[in-house]
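> Show me how the following folds:
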Amino acid sequence: MLELAILGFLCDTPLHGYELRKRLTALIGHVRPVPESTLYPAIKRLEKAGLLARETRPGATAAPRQVLTLTGAGRTVLRDRLASPERADITDENRWFVLLAFLRHLPEPSAQAEVLRRRLVFLEEPASFFYDGDRPLRAEELEDPFRRGVLTIARATGEAELRWLRTTLESLDGHL
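Got it, this is the predicted structure:
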């Protein structure tokens with residue numbers, strides 16, 4: 001998730017480490033903080049793999065800055081990961097949001113639509129956080145107001161996402 005977000009943000013624009021960390025924190029920091037002890041080793045791994053390049057640029061009012069840019073190989077890896085996400089990237093809400101944040105970097109509407117269809121299929125499967133044996137429970141079946149709240153909120157969020165997915169798929173399919 002972190003590496004995908006780094007590649008995605010650098011595909012948008014070259015950034016120095018501090019600015020990249022701010023953007024990562026805004027996208028995924030509410031889920032997991034992005035400490036320097038995690039970010040900078042990830043940057044070094046991506047740089048060693050040839051996916052990022054580092055260059056020194058003059059600072060506006062301060063000392064020169066190390067700016068990170070995405071290489072051609074990095075752009076290819078980003079597009080491959082976006083086009084063929086792992087199942088967990090589709091089913092885990094936090095990973096899905098990172099994937100979705102950069103899906104526009106897939107240039108073909110058909111490839112974007114394919115990823116959205118995978119999410120749609122996942123969301124249309126009957127599921128719950130609570131079960132009676134193998135049967136998913138609905139909010140109306142629960143007496144516990146807090147568990148009922150979990151299911152009520154999840155249903156509203158899921159319905160909103162389903163509407164968005166269907167509308168966006170119609171739009172993407174219109175471009176084919």
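> All the helices of the chain, in order from the start?
Under the criterion DSSP state H, the chain carries helices at the ranges 2-12, 17-28, 36-48, 72-83, 87-91, 93-102, 109-124, 145-174.
> looking at the ones you listed, which is closest to Tyr131?
Closest to Tyr131 of these is helix 145-174 (Cβ to Cβ; 11.6 Å). Every C-beta, even on glycine, is put in place using the N, C-alpha and C of the backbone.
> For stretch 41-56, buried residues please.
Ala42, Ile43, Leu46, Leu51, Leu52, Ala53 (16 or more other Cβ atoms under 10 Å).
> er, stretch 7-14 I mean
By 16+ other Cβ under 10 Å, the buried positions in stretch 7-14 come out as Leu7, Gly8, Phe9, Leu10, Cys11, Pro14.
> Next: stretch 89-109.
Applying 16+ other Cβ under 10 Å to stretch 89-109 flags Asp89, Ile90, Thr91, Arg95, Trp96, Val98, Leu99, Ala101, Phe102, Leu103, His105, Leu106 as buried.
> Closest one of the residues you listed to Lys22?
Checking the buried residues of stretch 89-109 against Lys22 with Cβ to Cβ, the nearest one is Ala101 at 14.8 Å.
> low-confidence ranges in the protein?
31, 59-61, 175-176 (pLDDT under 70).
> Contacts only, for the residue most central in space within the chain.
The chain has Val98 as the residue nearest its centroid, 1.1 Å off, counting by Cα atoms, centre = their mean. Listed by Cβ atoms under 8 Å, 6 or more residues apart in numbering, the contact set of Val98 reads Met1, Leu4, Ala5, Gly8, Leu27, Ile28, Asp89.
> buried subset of those residues?
Buried residues within the contacts of Val98, counting neighbours by 16+ other Cβ under 10 Å: Met1, Leu4, Ala5, Gly8, Leu27, Ile28, Asp89.
> Assess the claim that the third one and Arg21 are in contact.
The one in question is Ala5. No. Ala5 lies out of contact with Arg21 (Cβ atoms under 8 Å); the separation is 10.8 Å.
> From Val115, how far off is the nearest residue to Arg119 once chain neighbours are set aside?
Among residues not flanking Arg119 along the chain, Ile90 sits closest, at 5.4 Å (Cβ to Cβ, 6 or more residues apart in numbering). Distance, Ile90 to Val115, by Cβ to Cβ, to the nearest Å: 8 Å.
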